[in-house]
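Asks: quick check, what structure comes out for this input:
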Amino acid sequence: MPKIKEIERTPNPDAMRFVLAEPLTNGVTRSYENSAEAEHDELAKALFSIENVINVYYVDRYITVTQDGKAVWSDLLRKLAPPIRQATPQLNLDTDEEVHATKEVLETDDPRLIQINQMLDEQVRPYLLADGGGLKIIGLDGNRLKVHYQGACGTCPTATTGTLYAIESMVKRIDPDIQVISV
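Replies: Next up is the predicted model:
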């Protein structure tokens with residue numbers, strides 16, 4: 001049973017990040033945007049059963065829960081804590097290869113896409129994780145790179161402005177013609 005060490009605010013006012021005393025996963029990231037996606041995940045399913053929860057994202061010792069903005073955090077935190085404390089560590093999970101990039105992106109031979117994914121792994125995703133979220137590459141359609149924010153980043157006002165602009169600036173060093181869009 002994981003012990004909640006800290007509860008942290010994220011840049012997204014509708015998301016909170018729980019820091020656990022011990023790991024919940026072995027580095028495997030789980031990202032769910034609705035209860036249907038979480039059907040086979042006991043922790044995520046339990047969290048989605050709580051009114052106002054719209055997103056669950058977790059990896060290692062971190063769980064980020066996003067609400068719809070209609071709940072008072074002090075009340076919601078009291079409801080979220082028990083299922084998190086009751087969660088069973090999942091230290092033998094298989095990696096979800098497509099959590100950070102679609103199969104199309106992972107199997108590409110496009111050097112731009114390979115370089116972009118590596119750059120995101122090294123320079124962007126660690127910072128998004130620190131804020132309770134992540135980023136998935138959906139694909140490169142011509143010169144339009146489609147990305148999808150996860151966890152706290154999914155509904156964060158700064159993700160679609162400042163962060164997206166910063167990512168596009170980095171990507172333009174790889175190819176100045178690429179435009180980054182959030183989907």
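Asks: show me where this protein has helices.
Replies: 42-48, 73-86, 103-106, 111-123, 125-130, 164-174 (DSSP state H).
Asks: which strands or helices does the fifth one pack on?
Replies: Read it as helix 125-130. Secondary-structure packing of helix 125-130 (3 or more C-beta pairs under 8 Å, 6 or more residues apart in numbering; DSSP states H and E): strand 133-141. For every residue, glycine as well, the C-beta is placed using N, CA and C.
Asks: what residues does the strand it packs on touch?
Replies: For strand 133-141, the surrounding residues in contact (C-beta atoms under 8 Å, 6 or more residues apart in numbering) are 10, 12, 15, 29, 31, 57, 59, 64, 98-102, 104-105, 108, 110, 112-113, 116-117, 120, 124-125, 128, 145-154, 156, 159, 167, 178, 183.
Asks: again with stretch 43-53
Replies: With C-beta under 8 Å, 6+ apart, stretch 43-53 has contacts from 24, 30, 32, 34-35, 37-39, 56, 58, 63, 65-68, 70-71, 76, 79-80, 83-84, 86-88.
Asks: state the pLDDT value of Glu22.
Replies: Looking at Glu22, its pLDDT stands at 92.
Asks: and it, how far is that from Glu168?
Replies: Counting by C-beta to C-beta, to the nearest Å, the gap from Glu22 to Glu168 is 38 Å.
Asks: more neighbours: which of the two?
Replies: Just comparing Glu22 and Glu168: by other C-beta atoms under 10 Å the higher neighbour count belongs to Glu168, 15 against 12.
Asks: contacting residues around the more buried one?
Replies: So Glu168 contacts Ile178, Gln179, Val180 (C-beta under 8 Å, 6+ apart).
Asks: so for the second one, what's the nearest residue that isn't a sequence neighbour?
Replies: Translated: Gln179. Once flanking residues are discounted, Gln179 sits nearest to Arg144: 5.3 Å by C-beta to C-beta, 6 or more residues apart in numbering.
Asks: that neighbour: neighbour count?
Replies: Neighbours of Arg144 (other C-beta under 10 Å): 13.
Asks: quick check: domain ranges of the chain?
Replies: Using automatic domain parsing, the domain ranges for the chain come out as 4-86, 103-182.
Asks: would you list the ones you listed in a markdown table and tack on distance to Asn92?
Replies: As requested, those are exported to a markdown table (distance: least, C-beta to C-beta, whole Å):
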| stretch | distance to Asn92 |
| --- | --- |
| domain 4-86 | 7 |
| domain 103-182 | 21 |
